[in-house]
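>>> here are the coordinates; sequence isn't available:
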């Protein structure tokens, strides 16, 4: 009985791992990430694979999902939840059955449902979803990789909040390419 | 003759030394920097005095000037240029004569005039002035100190650009308080 209670009460925590320009954009206005993709070719290990190994699955919005669908192949081995009130499971193409689920739940309800499924750590991705999860205090830590460029405009990582969110800086790592990666924890 | 030409052709370079929230704001919407001022009390040396010792003077906009005027005392020992098309020298209060000059010149013209006066390094301060100097490629380096907080809204450090501005990351220093300071050079 105690065991059952403990298991079911474990929360799913949200984790962000994302790159932004120094002026805070995750993509150009049309979603283009050409300014970012060159860094993959440097061979620098920015910890993405290690991070992916720690998570139980991904949560993203429709815009990020559609961006990922434009890639040559589906890049995720972990399950993906797409938060959308307009898509339905029937919109997910056959090859992604079992890999992608559509959910219309609000952030906190979704995280509660994922906890019941046994998810401990969810990778929360995409600007709008990250913003809503930050607002609802569902993010435990942020790994922000600053790409050394100013874009001037684009899709911002951060958005409005109803209150300040203090961050605890944990560590910062720099790379020869000019990337600067900081990890912050939130209460 | 050659000496004269060399002297008169030396450019004044622009330098930025500024703190922002992790979401990129230099002040709250009303200009308040309460979220920032607590860090001065930690006693951490973030290099401000060393930076000030390297510059010949400051260039700022009217908004930053009026913020500084609200402080208990005038904080700058170096000359200050206030860029404004509406203020005139007569608007500068008596105690600041000889310390503050009003200029209606555009950024590049102003830097040319300062070069003639022998300024080598100008501290460019305030969001709007920094944005216009970046746009005009008058900034040689940026020292950005990230304060570990998300504010959600405020006065942004960066703004629109007509083209990407690549940055060269030089170094990043972290502080026990959670400040992360990166220096970037621009072409």
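Sure thing, it's come through. Nothing here was measured: the structure is a model prediction, and the numbers come from that model. Numbering: from 1, shown residues only, chains lettered A, B, ... in the order given.
>>> who are the neighbours in contact with residue A:131?
Remark: with contacts taken as C-beta atoms under 8 Å, 6 or more residues apart in numbering or on different chains, residue A:131 is in contact with A:158-160. In short, each C-beta sits where N, CA and C put it, glycine included.
>>> Report how many residues lie close to residue A:86.
Counted by other C-beta atoms under 10 Å in any protein chain shown, the residues lying close to residue A:86 total 8.
>>> Oh, that last question was meant for residue A:117, not what I typed.
One way to gauge burial is a neighbour count; for residue A:117, by other C-beta under 10 Å, it gives 10.
>>> Repeat that for the one 4 residues further on.
Summarising burial for residue A:121: neighbours were counted as other C-beta under 10 Å, giving 17.
>>> which residues does it contact?
When contacts are counted by C-beta under 8 Å, 6+ apart, residue A:121 touches A:12-13, A:15, A:54-56.
>>> could you flag which of those residues are buried?
With burial judged by 16 or more other C-beta atoms under 10 Å in any protein chain shown, the buried subset of these is A:12-13, A:15, A:55.
>>> the helices in chain A, which residues?
Along chain A, the segments classed as helices by DSSP state H run A:2-9, A:34-37, A:48-54, A:62-69, A:107-116, A:127-135.
>>> Can I get the ones you listed in CSV including distance to residue B:126 and mean pLDDT?
Written out in CSV, the entries for the helices of chain A read as follows (distance: least, C-beta to C-beta, whole Å; pLDDT from 0 to 100):
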stretch, distance to residue B:126, mean pLDDT
helix A:2-9, 50, 49
helix A:34-37, 27, 92
helix A:48-54, 37, 97
helix A:62-69, 34, 92
helix A:107-116, 37, 98
helix A:127-135, 27, 97
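>>> deepest of these, which one?
Each of the helices of chain A was scored by mean neighbour count; the highest is helix A:127-135, a mean of 21, by mean count of other C-beta atoms under 10 Å in any protein chain shown.
>>> can you give me the angle that helix makes with helix A:107-116?
Taking axes from the mean of the first three to the mean of the last three C-alpha atoms, to 10 degrees, one finds that helix A:127-135 is oriented at 80 degrees with respect to helix A:107-116.
>>> where's helix A:127-135 relative to the chain centroid, distance-wise?
Here the centre of mass of C-alpha atoms in helix A:127-135, compared against the chain's by C-alpha atoms, centre = their mean, to the nearest Å, lies 9 Å away.
>>> How about stretch A:165-181?
When C-alpha coordinates are averaged (C-alpha atoms, centre = their mean), stretch A:165-181 and its chain have centres 17 Å apart.
>>> Tally up the residues packed near the closest residue to residue A:17 other than its chain neighbours, please.
Among residues not flanking residue A:17 along the chain, residue A:143 sits closest, at 4.5 Å (C-beta to C-beta, 6 or more residues apart in numbering or on different chains). Using other C-beta under 10 Å, the number of residues around residue A:143 comes to 20.
>>> Check residue A:123 too.
Under the criterion other C-beta under 10 Å, the count of neighbours that residue A:123 has is 21.
>>> That one and residue A:53 touch, don't they?
No. Proximity of residue A:123 to residue A:53 does not meet the contact threshold set by C-beta atoms under 8 Å, at 11.0 Å.
>>> so who does the closest residue to residue A:62 other than its chain neighbours touch?
Counting by C-beta to C-beta, 6+ apart, residue A:84 is the residue found nearest to residue A:62 once chain neighbours are left out, at 4.4 Å. Remark: with contacts taken as C-beta under 8 Å, 6+ apart, residue A:84 is in contact with A:61-62, A:65, A:102-104.
>>> quick one: residue A:84 and residue A:128, what's the gap?
Counting by C-beta to C-beta, to the nearest Å, the gap between residue A:84 and residue A:128 amounts to 11 Å.
>>> which residues are common contacts for the two?
residue A:61.
>>> Contact partners for the most centrally placed residue in chain A?
For chain A, the residue sitting closest to the mean C-alpha position, by C-alpha atoms, centre = their mean, is residue A:125 at 2.1 Å. Counting by C-beta under 8 Å, 6+ apart, residue A:125 makes contact with A:16-18, A:58-60, A:64.
>>> OK, contacts around the closest residue to it other than its chain neighbours?
Nearest residue to residue A:125 in three dimensions, chain neighbours excluded: residue A:60, at 4.5 Å (C-beta to C-beta, 6+ apart). The neighbours of residue A:60, taking C-beta under 8 Å, 6+ apart as the test, are A:68, A:80-83, A:124-126, A:129.
>>> Residue A:60 bridge partners, please.
For residue A:60, the residues forming beta bridges with it (DSSP bridges) are residue A:82, residue A:125.
>>> list the contacts for residue A:52?
Neighbour list for residue A:52: A:77-78, A:123 [criterion: C-beta under 8 Å, 6+ apart].
>>> near chain B, which residues of chain A?
Proximity of chain A to chain B is confined to A:22-24, A:35, A:134, A:144, A:146, A:148-153, A:157-169, A:171-172, A:174, A:178-180, A:182, A:184 under the rule C-beta under 8 Å from any C-beta of the partner chain.
>>> remind me which residues of chain A are low pLDDT?
A:1-9 (pLDDT under 70).
>>> now the end-to-end length of stretch A:28-45.
Its first and final residues considered, stretch A:28-45 spans 24 Å by C-alpha to C-alpha, to the nearest Å.
>>> which parts of that stretch are buried?
Neighbour-count burial for stretch A:28-45, with 16+ other C-beta under 10 Å as criterion, is recorded at A:28, A:35-36, A:39.
>>> mind checking how far residue A:13 is from chain B?
Going from residue A:13 to chain B by C-beta to the nearest C-beta, to the nearest Å gives 18 Å.
>>> Surely that residue and residue A:120 touch.
Yes. The pair formed by residue A:13 and residue A:120 meets the contact definition of C-beta under 8 Å, at 6.9 Å.
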